[in-house]
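> Fold the following and give me the result.
(one chain, ligands or ions: 1)
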Amino acid sequence: MIPFHKMHGLGNDFVVLDNRAGTLAVGAARAAALADRRTGIGCDQLILLERPTEGADVVMRIRNPDGSEAGACGNATRCIASLIAAEGGRDRVVVRTIAGDLPAEALPGGLWRVDMGPARLGWQEVPLAAEMDTLHLPLGRGVLMDPAACSMGNPHATFFVPDLDAVPLATLGPSLETDPLFPQRANIGVVQVLTPGHIRLAVWERGAGLTLACGSGACAALVNAARRGLTGRRATVSLPGGDLGIEWRETDGHVLMTGPVATAFTGMLDLDAYPA
Ligand SMILES: N[C@H](CCC[C@H](N)C(=O)O)C(=O)O
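Numbering: from 1, shown residues only. Here you go, the predicted structure:
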């Protein structure tokens, strides 16, 4: 039996396993089995902690419920930073992902701020299947058209609509996620701009579907909205699960994300009960 943490950021939820001893085998199939909400523990992402080399406090590997690995998970980064900080009584932690090192710091009121790194704006960085302007993609489904795209270490397309509640994202999401324009698929965000400092966002996540919140998606949405001149470089992003504060820093193009963390419960599980 091994311990696990069940955590979430605004309802985007995670099962966290500690593999810093390097003894656990958790690949795509086992991650998918653990993430299953009926036959497993259930989560939006399975998070595996690994021992870092120098320069970071922990390595965070991210698997979606379909087993695919992701390069970024903003909500999980806050949760893991808070977990590691609590182990050592610290308030600053560097979380290493396959897309880069993410410094995180504790703020008053239980909030955490993560430097999610630079927004990647080039077509090959998203990535897209061909050279094109990432500010206006030739893509549309129903009421959704003309998105912008960028990467936060994972691919995001952002659509802009006058009324978010009129968008059937559960219907349109799957075919947009897997459009040939996205060789690594994409997270699909839909934004309704309320004011230049406040947007609503819903996300169909790559490999996960609709979630209550998407941290990297909120970063991508703010960056794409600012690029379009629809917001400033700092805004409140209201997701179904709650609000994140996002800033696209002028000095270095890094995106800062501020939000809450929560542990729902901890438990023990028999990893051998899940297919390797
Ligand atoms: N589904 C995403 C990973 C999780 C991102 C999200 N949960 C976040 O908080 O950023 C992807 O495949 O890129």
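> Would you mind naming the helix or strand containing the closest residue to C43 other than its chain neighbours?
Spatial nearest neighbour of C43, excluding adjacent residues (Cβ to Cβ, 6 or more residues apart in numbering): V15 at 4.4 Å. Quick note: C-beta positions are derived from backbone N, CA and C, even for glycine. In the assignment (DSSP states H and E), V15 maps to strand 12-18.
> what's next to that strand, contact-wise?
Contacts to strand 12-18, defined as Cβ atoms under 8 Å, 6 or more residues apart in numbering, come from residues 2-8, 24, 26, 34-35, 41-49, 73, 75-76, 79-80, 83, 211-215, 241, 264.
> If we use 7 Å, what do you get?
The contact list for strand 12-18 (Cβ atoms under 7 Å, 6 or more residues apart in numbering) reads 2, 4-8, 24, 26, 34-35, 41, 43-49, 75-76, 79-80, 83, 211-214, 241.
> Just the buried ones from these, in ChimeraX syntax?
Selecting in ChimeraX just the buried members of these, where the criterion is 16 or more other Cβ atoms under 10 Å, is done with this command:
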select :4,5,6,7,8,26,34,35,41,43,44,45,46,47,48,49,75,76,79,80,83,211,212,213,214,241
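> Of the contacts of strand 12-18, which are in range of the ligand?
Counting by Cβ under 6 Å from any ligand atom, the subset of these that neighbours the ligand consists of D44, Q45, N75, T211, C214.
> Of those, which belong to strands?
Cross-referencing those against strands under DSSP state E gives Q45.
> Looking at the ones next to the ligand among the contacts of strand 12-18, point me to the pair that's furthest apart.
With distances taken as Cβ to Cβ, the most widely separated pair in those is Q45 and C214, at 10.3 Å.
> tally of neighbours for the closest residue to A35 other than its chain neighbours?
Leaving out its chain neighbours, the residue that sits closest to A35 by Cβ to Cβ, 6+ apart is P65, at 3.9 Å. Using other Cβ atoms under 10 Å, P65 is surrounded by 22 other residues.
> Equivalent analysis for G42, please.
Should you count by other Cβ under 10 Å, G42 turns out to have 14 residues around it.
> And what about it, helix, strand or coil?
When classified by DSSP: H, G, I helix; E, B strand; the rest coil, G42 comes out as coil.
> From the ligand, how far off is it?
If you measure G42 against the ligand using Cβ to the nearest ligand atom, to the nearest Å, the figure is 15 Å.
> now do L176
Plainly put, L176 is 14 Å away from the ligand if you go by Cβ to the nearest ligand atom.
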